[in-house]
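Undergrad: Predicted structure and sequence below. I'll ask about it afterward.
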Amino acid sequence: MKIALASAPVKNGKTDFNLQTMIEYVKEYGGRADLILFGESVLQGFDCLCWEYEKDRYIAAGLTDEPIRAICAAAKVNQIAVSFGLIERGDDGLYSSQIFIGADGSIVNVFRRVSIGWKEYKKTDAHYREGEHFEKFRYGGKSFAVGLCGDLWTDGRPEEMNALNADVVLWPVWCDYDPDEWNDQIKYEYASQAALCGREVLLVNPFCADPERKGSAAGGSIHFRAGMIREEQPSGKIGVLIADAE
């Protein structure tokens, strides 16, 4: 299965820009990959919230809202599965979630981040929530599981993920490392962590395109296999890595 790991440009709080960018990537990689994977919270941008629920609930997206329907339609037209991160509104709760949409435009899976690092937890109330556990799902003849960013660094969670024995672990992140630090050192720490979580682990980091947000997410994607870096798109630029997952 060919999986495109898209370190695409993202602007915080600019849902229309981010949505259009994702749709353009879906169009470009339809027919070239079976799945395109975007990073954490790319629909609205990781730093889109103010931690006041009455304001943030309008930034979040429900699963039947227009942005989700638009990507479902793009997936179907271009015959490619799509997975991307969003701030999800579910009933009266807000979550950092990752949605997986099949090439027929249907929602296959929605994963809610299980670790608290996505939010300013000293400022938030009970509206800002996490999921409880990882889960395995099937698509295209393979089994998948998702862990968002700090999920796979949380005590006990790598073992939980590994126990699922998924064919492919998707690891969308939003990491603010300096590109040189990531390329020279940090990626090897992530490789060691990936080895605890599964054999095939696919990591993708967005590229923050806000001019005033220098030092934020700087892109970078890696295909880890058995804890080794099989192939990568270096941090520091926009780009797409097409990984061939066994």
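TA: All right, it came through fine. Note that the structure is predicted; figures quoted are calculated from it, not measured.
Undergrad: list the contacts for G13?
TA: 44-45, 47-48, 59 (CB atoms under 8 Å, 6 or more residues apart in numbering). To be clear about C-beta, it is placed using only N, CA and C from the backbone, and glycine gets the same treatment.
Undergrad: Quick check: the farthest pair among those residues?
TA: Pairwise distances across those (CB to CB) peak at 11.1 Å, for the pair D47 and I59.
Undergrad: Make JSON lines out of the contacts of G13 and add pLDDT and distance to W153.
TA: Formatted as JSON lines, the contacts of G13 follow (pLDDT from 0 to 100; distance: CB to CB, whole Å):
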{"residue": "Q44", "pLDDT": "98", "distance to W153": "23"}
{"residue": "G45", "pLDDT": "97", "distance to W153": "22"}
{"residue": "D47", "pLDDT": "95", "distance to W153": "20"}
{"residue": "C48", "pLDDT": "97", "distance to W153": "23"}
{"residue": "I59", "pLDDT": "98", "distance to W153": "26"}
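Undergrad: Need those in JSON lines (columns: secondary structure and neighbour count).
TA: Formatted as JSON lines, these follow (DSSP: H, G, I helix; E, B strand; the rest coil; neighbours: other CB atoms under 10 Å):
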{"residue": "Q44", "secondary structure": "coil", "neighbour count": "25"}
{"residue": "G45", "secondary structure": "coil", "neighbour count": "27"}
{"residue": "D47", "secondary structure": "coil", "neighbour count": "17"}
{"residue": "C48", "secondary structure": "coil", "neighbour count": "20"}
{"residue": "I59", "secondary structure": "helix", "neighbour count": "17"}
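Undergrad: Sketch out the low-pLDDT regions of the protein for me.
TA: The chain contains residues with pLDDT under 70 at 213-215.
Undergrad: which element is the spatially most distant residue from the centre of it on?
TA: Here the centre of the chain is the reference, and by CA atoms, centre = their mean the most remote residue is E54, at 25.4 Å. With secondary structure defined by DSSP states H and E, E54 is part of helix 53-59.
Undergrad: Off-centre distance for that helix?
TA: Taking the mean of its C-alpha atoms, helix 53-59 sits 21 Å from the chain's own mean (CA atoms, centre = their mean, to the nearest Å).
Undergrad: what's the next secondary structure element after that helix?
TA: Scanning onward from helix 53-59 (DSSP H and E), the first element met is helix 66-78.
Undergrad: got the CA coordinates for that next one in CSV?
TA: Taking Å, rounded to 0.1, in the frame of the first residue of the first chain, the C-alpha atoms of helix 66-78 are listed here in CSV:
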residue,chain,number,x,y,z
GLU,A,66,-19.1,21.2,5.7
PRO,A,67,-15.3,20.9,5.9
ILE,A,68,-15.6,17.2,6.7
ARG,A,69,-18.1,16.7,3.9
ALA,A,70,-15.9,18.5,1.5
ILE,A,71,-12.9,16.2,2.1
CYS,A,72,-15.2,13.2,2.0
ALA,A,73,-16.3,14.3,-1.4
ALA,A,74,-12.7,15.0,-2.6
ALA,A,75,-11.6,11.5,-1.4
LYS,A,76,-14.4,9.9,-3.4
VAL,A,77,-13.8,11.9,-6.6
ASN,A,78,-10.1,11.3,-6.5
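Undergrad: follow-up on the earlier one: tell me the buried residues in the helix holding E54?
TA: Using 16 or more other CB atoms under 10 Å as the test for burial, helix 53-59 gives 53, 56-57, 59.
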